[in-house]
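Peer 1: This is a predicted model, with the sequence first.
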Amino acid sequence: MKVEIWSDVMCPFCYIGKRSFDSALAQFEHQDQLEIVWKSFQLDPNLPDVPVEDQVDYLQKRKGMPREQIEGMLHHVTDHAKRVGLDFRFDQLVMVNTFKAHRLIQLAKEKNLGHEAEELLFNAHFVEGKNVADEATLIDLGEYIGLNVDDIRAAFYDDKYSYQIKQDIQEGQSLGVRGVPFFVFDRKYAISGAQATEQFTQTLDKSFSEWQSANPTRRLDVSGGDSCATDGSGAC
C-alpha cells in the first residue's frame with residue numbers, strides 16, 4: 001500500500017509529523033508491505049539561496065506579526081518538537097530556498113533513499129543550522145546516505161529533477177494540499193499537519209485493512225514432489 005507525504009524541508013511541523021509517523025510505522029506489523037513516497041512542496045519559492053535574514057525577521061515580514069509574538073510562536077513549536085524527541089535550534093536556523101534540497105530528495109527517491117534523505121535534511125536544517133541551499137553541504141549529506149557524488153552534482157542542474165519537483169507540487173494541489181505536512185494513505189485517507197502518533201496508527205490500520213481486503217494474497221494449490229530448496233533440503 002502506498003503512503004505519500006507532501007513536505008518541505010523548511011517546515012518544522014513536517015519534521016515533527018515525520019517523527020510521529022515514524023513512531024507509528026515502527027509499531028505497524030505490515031510495514032514491509034508499505035511503499036513510502038515523499039513528495040516535494042515549497043512553502044516559499046522566492047527565498048534566496050544565500051541567507052539574508054534570520055527566522056524571526058523572516059516570519060515578521062511574512063506574517064506581519066510583532067517580534068514578541070513570533071518568538072512566542074517559535075517557543076511553542078520548540079516545545080512541541082521536544083515532545084517527540086527533537087531539539088530545534090531556531091536561533092541557528094538558516095533561512096534559504098529549499099529547491100536544491102528537493103533536487104537531492106528526488107535523486108534519493110530514485111535510489112530508495114527518500115526517507116533517509118528527508119531525515120538528514122530536516123536534522124541539518126532545524127538541529128544543526130546548516131545551509132540546505134549550499135551545494136557542498138548537500139553533497140556531504142547525500143554522500144552520507146550513500147549517493148554518488150557525481151550524481152548529486154548533476155542533479156543540481158538536471159531539468160528532470162526540476163520537473164519532478166514541480167510535478168509533485170501540482171499533483172498535491174490537485175488533491176487539495178495547501179499546507180504541509182500532508183499524508184495520503186492509499187489515495188483514500190489523509191492526515192493534514194503534525195498529528196499525534198495514535199492518529200497515524202489508526203489511519204494506517206484502517207487504510208491497510210481496506211487495502212488488504214481489496215488486494216488479497218493469492219495462495220497456490222501446490223501438488224508436492226521431489227525438489228531442491230535454498231535451505232539445503234532435498235538431494236541437491
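Peer 2: That came in fine, so what should we check first?

Peer 1: Just confirm residue 103 is within a strand.
Peer 2: No: checked against DSSP: H, G, I helix; E, B strand; the rest coil, residue 103 lies outside a strand; its state is helix.

Peer 1: Now it: closest residue in space that isn't a chain neighbour?
Peer 2: Closest residue to residue 103 apart from its sequence neighbours, by C-beta to C-beta, 6 or more residues apart in numbering: residue 161 at 4.5 Å. (Glycine included, C-beta is placed from N, CA and C.)

Peer 1: and the helix or strand hosting that neighbour, which residues are buried?
Peer 2: Using DSSP states H and E, residue 161 falls within helix 159-175. Neighbour counts over helix 159-175 (16 or more other C-beta atoms under 10 Å) mark 161-162, 164-165, 168-169, 172 as buried.

Peer 1: quick one on the thing from earlier: the residue nearest to residue 103 and residue 102, how far apart?
Peer 2: Note on residue 161: its distance to residue 102, by C-beta to C-beta, to the nearest Å, is 8 Å.

Peer 1: tell me which of the buried residues of helix 159-175 is nearest to residue 182?
Peer 2: Closest approach between the buried residues of helix 159-175 and residue 182, by C-beta to C-beta: residue 172, at 6.7 Å.

Peer 1: Just to check, the closest one is in contact with residue 6?
Peer 2: Yes: judged on C-beta atoms under 8 Å, residue 172 makes contact with residue 6 at a distance of 4.6 Å.

Peer 1: And the worst-scoring helix or strand of the chain on mean pLDDT, what does it pack against?
Peer 2: Ranked by mean pLDDT, DSSP states H and E, the helix or strand of the chain with the weakest confidence is helix 55-63, at a mean of 92. Judged by 3 or more C-beta pairs under 8 Å, 6 or more residues apart in numbering; DSSP states H and E, the packing partners of helix 55-63 are helix 67-82.

Peer 1: Number of residues surrounding residue 180?
Peer 2: 24 (other C-beta atoms under 10 Å).

Peer 1: Kindly report the same for residue 105.
Peer 2: Around residue 105 there are 27 residues (other C-beta under 10 Å).

Peer 1: From residue 53, how far off is it?
Peer 2: 25 Å.

Peer 1: With residue 161 instead?
Peer 2: From residue 161 to residue 53 the distance is 28 Å (C-beta to C-beta).

Peer 1: so where's this structure shaky on pLDDT?
Peer 2: The chain contains residues with pLDDT under 70 at 218-221, 224, 229-236.

Peer 1: Do you have the helices of the protein handy? List them.
Peer 2: Applying DSSP state H to the chain gives helices spanning 12-27, 55-63, 67-82, 99-110, 114-126, 135-144, 149-155, 159-175, 197-214.

Peer 1: With distance to residue 188 as added columns, please give these in a markdown table.
Peer 2: Shown next, in a markdown table, are the helices of the chain (distance: least, C-beta to C-beta, whole Å):
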| stretch | distance to residue 188 |
| --- | --- |
| helix 12-27 | 17 |
| helix 55-63 | 34 |
| helix 67-82 | 28 |
| helix 99-110 | 22 |
| helix 114-126 | 22 |
| helix 135-144 | 33 |
| helix 149-155 | 33 |
| helix 159-175 | 12 |
| helix 197-214 | 6 |
